[in-house]
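Student: Sequence plus predicted model, see below.
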Amino acid sequence: MPAVKSLSETRALIVGGTSGIGFACAQHLIASGVPQVIVAGRNADRGEGAAAALGIAAHFMQCDASDAAATVALAERANAAMGGIDLLLSCGGGDPMPALLHKIAPADLIPTLNDIQAPILHPAHAVLPYMTEQGGGTVLCIASDAGKLATPGESAIGAAMASIAMFCRTMAVEAKRHGIRVNCLTPSIVQGTRLYDRLMQDEFAGKLFGKAEKMAALGVVTPDDIAEMVVFLASPASARTTGQTISITGGISAI
């Protein structure tokens with residue numbers, strides 16, 4: 001079984017890396033010695049700005065990860081540009097807002113699930129051939145604790161997040177023979193993100209998550225907290241860790 005590469009040898013692709021959690025993860029990975037990072041996202045101006053802020057180790061590639069063909073093309077470009085992909089962080093799932101099930105139109109239910117799942121699952125699928133060919137790699141997906149804990153207003157969100165977690169567990173079982181590790185991170189409320197601001201400004205979501213926030217006795221999670229876990233899971237220190245769904249919630253839940 002091939003050893004997990006040191007961070008100083010790691011070539012990283014971060015889909016959703018132009019802001020929020022993904023951008024913080026890029027910062028921490030570069031600070032930890034990762035020499036090549038490609039951040040991908042839909043907005044070219046934000047992406048170029050993010051790459052410039054990250055420094056010479058980072059480059060931007062535009063991609064809408066909800067589009068399967070575009071994501072396959074992204075993986076091909078990233079693999080060619082870096083000479084391989086050792087780490088994928090897939091965190092471009094957008095900003096889903098809670099809504100009670102009876103307020104979701106029947107025609108919108110499945111598209112809502114797809115809008116959340118597709119941008120996370122497509123990149124994981126797209127890098128698999130390259131990691132298989134090179135004999136190893138690390139895939140990390142960001143979902144949400146909504147996939148573990150039933151919460152009013154999150155029937156659609158929770159179903160999609162649970163799907164991402166199960167996808168990662170099954171991919172981990174299938175891909176381990178090729179030296180590929182797959183794990184899923186499931187935060188709850190994350191301060192300092194666009195989604196946090198939207199949630200707290202919404203009447204329904206603000207009340208829901210305002211109550212949850214009070215349960216974070218260890219402190220409300222920030223993108224930096226998630227980034228620290230990403231660095232660990234990308235490193236040889238976690239070489240035997242795969243198929244796990246790891247909650248980072250500050251104590252909001254214990255599941």
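Tutor: That came in fine, so what should we check first? None of the values given here were measured: they were computed from a predicted structure.
Student: Now do the buried residues in stretch 135-148.
Tutor: Within stretch 135-148, the residues that count as buried by 16 or more other Cβ atoms under 10 Å are 136-148. In this view, the C-beta of every residue, glycine as well, is placed from N, C-alpha and C.
Student: residue ranges for the strands of the stretch 51-200 of the chain, please.
Tutor: 58-62, 87-90, 137-142, 180-187 (DSSP state E, counting those that start in this stretch).
Student: Can you tell me which of the buried residues of stretch 135-148 has the lowest confidence score?
Tutor: Lowest pLDDT of the buried residues of stretch 135-148: Ala146, 90.
Student: show me the contacts for that one.
Tutor: Contact partners of Ala146, counting by Cβ atoms under 8 Å, 6 or more residues apart in numbering, are 154, 157-158, 161.
Student: Next, work out how far apart it and Ala75 are.
Tutor: Counting by Cβ to Cβ, to the nearest Å, the separation of Ala146 from Ala75 is 27 Å.
Student: go on, Arg46?
Tutor: Taking Cβ to Cβ, one finds Arg46 at 21 Å from Ala75.
Student: of the two, who's got more company?
Tutor: Using other Cβ atoms under 10 Å, the more surrounded residue of Arg46 and Ala75 is Ala75, with 26 against 15.
Student: coming back round to it: quick one: which two of the buried residues of stretch 135-148 are the most distant?
Tutor: Gly136 and Ala146 (31.2 Å; Cβ to Cβ).
Student: residue with max distance from the center of this structure?
Tutor: Distance to the chain centre peaks in the chain at His102, reaching 28.8 Å (criterion: Cα atoms, centre = their mean).
Student: State whether Val37 is indeed within a helix.
Tutor: No. Assigned with DSSP: H, G, I helix; E, B strand; the rest coil, Val37 falls outside any helix and is strand.
Student: shouldn't it be in contact with His28?
Tutor: No. Look at Val37 against His28 with Cβ atoms under 8 Å: they stay out of range, at 10.6 Å.
Student: Helices of the stretch 151-255 of the chain, start to end?
Tutor: Listed in chain order, the helices of the stretch 151-255 of the chain (DSSP state H, counting those that start in this stretch) span 155-175, 194-201, 203-213, 223-234.
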